[in-house]
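Engineer: For reference, the sequence and a predicted model appear below.
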Amino acid sequence: ELIAGVNSTYALIQSNGLVSREWFFTHDLRGDEMATGGGQLEAPRAQLLNGVNDAGNSVSNSVWTGWFRVIHRANIVIESGAAAKPGITEATRTRVVGEAKFLRAWAYYEIGTLWGGAPLYTEYVKSVEGSKPRSSQQDVYTQVINDLKAAEAALPASYNAANLGRATK
């Protein structure tokens, strides 16, 4: 179940809301090599091209929501890793939790880079009362560094051919 959980987190990153589509626009439309696309460019993408990145923008909203879904799933894996029943080796448990911490770090890095401060969730939120206020950008980056250090200590330097693409040290 832990492996399935971390695999679902990787899968979410590959979704249309993130790197398969919308994440591309939040980065590429800000590059110097881009120029206005004329009237055919949809309004949310035209806003990004013109430097507008607010909560009303559907592309930005999709990316924000997508990264927080990654964080949510990673937190489930991290918490479940500590409570996993016998049957999983300690090495596998350590690796999977390390992967989840890497994925959470990546999500917070993207959020911190694009929006600055954000709510910091390091535990699985079980109710609306678990909502947190916005933290500073520095606090977000501190969490990223902490997660990356933990991931580095937990992850192997490489994988066999069946596991290529997973986070490594």
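Structural biologist: Perfect, thanks for sending it. Numbering: from 1, shown residues only.
Engineer: Next, name the residue at the spatial heart of this protein.
Structural biologist: Ala107 (2.4 Å; CA atoms, centre = their mean).
Engineer: Next secondary structure after whichever strand or helix holds that residue?
Structural biologist: Element membership for Ala107 (DSSP states H and E) is helix 90-115. Sequence-wise, the next helix or strand downstream of helix 90-115 (DSSP H and E) is helix 137-154.
Engineer: which residues sit against that next one?
Structural biologist: In this structure, residues lying in contact with helix 137-154 by CB atoms under 8 Å, 6 or more residues apart in numbering are 94-95, 97-99, 101-102, 104-105, 108-109, 111-112, 116-118, 120, 122, 167, 169. C-beta here means a position set from N, CA and C on the backbone, and glycine is covered the same way.
Engineer: How far off centre is that helix?
Structural biologist: Centre-to-centre, helix 137-154 and its host chain are 13 Å apart (CA atoms, centre = their mean, to the nearest Å).
Engineer: May I ask which helix or strand of the protein has the lowest mean pLDDT?
Structural biologist: helix 22-28 (a mean of 73; mean pLDDT, DSSP states H and E).
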